[in-house]
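here is a sequence together with a model predicted from it:
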Amino acid sequence: MTISFDSDRHEALLVSLRVATNAIGAELDALERKADTLRSSWSGEARDAYDEAQNAWSACMRGFHGVLSNTNIVAASAGDSLRQAEQAVRSLWA
């Protein structure tokens, strides 16, 4: 059995994760701007209810985006660890 780490495929994964994370962040920013526009059209209890729901949703989405960003960091770190492990194993057999 052969176990190996394909650094090119891993780098492609990291690029895909970064692109997706950035695109999601841009969409969330755009949604936030649209929500701000809608907010100005309401007043009183409707506005208060909207603010409460919007703030909860925004906090959730910031958390989601943070998890995606951390996934990029962890995946990069895992790749570094796998590269080092592969080099260490190769040196044992050299």
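That came through fine.

could you use CA atoms for every contact and neighbour count after this?
OK.

shaky segments in this structure?
Along the chain, segments meeting pLDDT under 70 are nowhere present.

just the element for the residue positioned nearest the centre of it, please.
For the chain, the residue nearest the mean C-alpha position is L68 (1.9 Å; Cα atoms, centre = their mean). Assessed by DSSP states H and E, L68 sits inside helix 44-93.

other SSEs contacting that helix?
Applying 3 or more Cα pairs under 8 Å, 6 or more residues apart in numbering; DSSP states H and E, we find helix 44-93 packed against helix 7-39.

what angle sits between the helix it packs on and helix 44-93?
Orientation of helix 7-39 against helix 44-93 (axes from the mean of the first three to the mean of the last three Cα atoms, to 10 degrees) gives an angle of 170 degrees.

adjust the sequence numbering to begin at 229 for everything that follows.
Let's use 229 as the start, then, which means that last one is helix 235-267.

from the contact counts, what lies against helix 235-267?
helix 272-321.

same thing but 6 Å
Based on contacts counted as 3 or more Cα pairs under 6 Å, 6 or more residues apart in numbering; DSSP states H and E, there is no element that helix 235-267 packs against.
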